[in-house]
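> Sequence and computational prediction follow.
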Amino acid sequence: MVRATMAKAKAQPAGGVYRVTEIIGTSSTSWEDAARNAVETAAKSLRDLRIAEVTKLDMKVEDGKVVAYRARVSLSFKYDA
């Protein structure tokens, strides 16, 4: 049964065209929320998102206090055929 499933997966055509774009999400509470905000906001206008990779984390500081967390995210999505 496992072999049949694997054979089907190999028989399907592989390929496609993907774009990787960089976005920045922000949050007043955490880097995790900042990354989530970035992806969820992008998902409203981009379809078929595939991979999100956090590439950089930083913070906005005002008067010696952290006021925002920022997550730079590389996001890939598939172009429609």
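The structure has been received and is ready for your questions.

> For stretch 68-81, buried residues please.
Across stretch 68-81, burial judged by 16 or more other C-beta atoms under 10 Å covers Tyr69, Arg70, Ala71, Arg72, Val73, Leu75, Phe77. Bear in mind the C-beta positions are built from the backbone N, C-alpha and C, glycine included.

> again with stretch 24-32
Within stretch 24-32, the residues scored as buried using 16+ other C-beta under 10 Å are Gly25, Thr26, Ser27, Trp31.

> That stretch: end-to-end distance?
12 Å (C-alpha to C-alpha, to the nearest Å).

> Which residue is the nearest non-sequential neighbour of Val66?
Met59 (4.8 Å; C-beta to C-beta, 6 or more residues apart in numbering).

> Contacts made by whichever strand or helix holds that neighbour with the rest, please.
Assigned by DSSP states H and E, Met59 belongs to strand 49-62. Residues outside strand 49-62 that contact it (C-beta atoms under 8 Å, 6 or more residues apart in numbering) are 18, 22, 26, 31, 35, 38-39, 42-43, 66-78.
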